[in-house]
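**Q** Next input, structure requested:
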Amino acid sequence: MARPPGSTVVAVALVVVATVLAVLVVVNLPTGAGSPEARPTGTGPVAPTGWVQVRGGERLTLADGQSFDLARGVAGGELAPGADLLLTQRADRLGVREPGGLAVVSPGADHEVRRCLGAGSWDGTIDGVHELAAGTDVCVRTADGRCAMLTVESPPDVVTRVLTFRYTLWERR
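**A** From the prediction side, this is the model:
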């Protein structure tokens with residue numbers, strides 16, 4: 001049976017169109033350049049890899065034996081539900097709820113999630129909180145997958161046993 005005239009051209013055109021559409025879907029050009037993780041999502045300031053700022057606070061205090069819930073921005077008792085951080089050992093040890101982690105990072109001008117994502121050494125506790133200088137930045141990986149940066153405003157001492165800090169909390173969307 002003979003092909004109708006022009007059918008080869010139509011078949012080639014269909015293959016070309018299908019190939020272009022497949023490339024556009026893979027590269028995501030209709031919705032924005034770059035990987036989907038780098039595009040803006042949510043309502044807060046956008047950070048790399050889809051991290052969005054969801055909370056923060058300044059001049060917050062955490063006393064010896066208290067815990068802190070970063071998602072709600074409140075301090076509570078030692079075993080408060082939802083708590084992410086715990087200050088213990090006469091206010092000289094900062095711990096995080098497992099399987100989270102803590103990392104002291106090099107000083108920087110602003111709170112940026114990329115500084116925490118690039119932290120090399122994580123641990124479940126930081127001992128020697130009394131010795132942290134004002135301005136020290138501490139990154140927190142929470143047990144529920146969020147990331148936070150705390151800046152020490154005033155470290156605890158043997159008399160006051162209260163850590164004063166500011167923080168920014170991000171979650172990945």
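**Q** can you map out the helices along this protein?
**A** For the chain, applying DSSP state H gives helices covering 7-27, 113-117.
**Q** Off-centre distance for the shortest one?
**A** So the one you mean is helix 113-117. With C-alpha atoms, centre = their mean, to the nearest Å as the basis, helix 113-117 stands 7 Å off its chain's centre.
**Q** May I have that helix exported as CSV, CA atoms only?
**A** The C-alpha trace of helix 113-117 is given here as CSV (Å, rounded to 0.1, in the frame of the first residue of the first chain):
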residue,chain,number,x,y,z
VAL,A,113,20.7,28.7,55.6
ARG,A,114,23.6,28.0,53.1
ARG,A,115,26.1,28.6,56.0
CYS,A,116,24.4,25.8,58.0
LEU,A,117,24.1,23.5,55.0
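**Q** which stretch in the helices of the chain is the model least sure about?
**A** Lowest mean pLDDT within the helices of the chain: helix 7-27, at a mean of 38.
**Q** what residues does the biggest strand by length in the chain touch?
**A** Ranked by residue count under DSSP state E, the longest strand found in the chain is strand 51-63. Strand 51-63 is contacted by residues 41-47, 68, 70-73, 75, 85, 87, 91, 111, 113, 117, 146-147, 153, 161-173 when judged by C-beta atoms under 8 Å, 6 or more residues apart in numbering. For the C-beta atoms, the positions are set from N, CA and C on the backbone; glycine is no exception.
**Q** If you count neighbours, what's buried in it?
**A** 51-56, 60-62 (16 or more other C-beta atoms under 10 Å).
**Q** Sort out which one of those lies nearest Asp123 for me.
**A** Leu62 (18.1 Å; C-beta to C-beta).
**Q** Alright, calling it a day.
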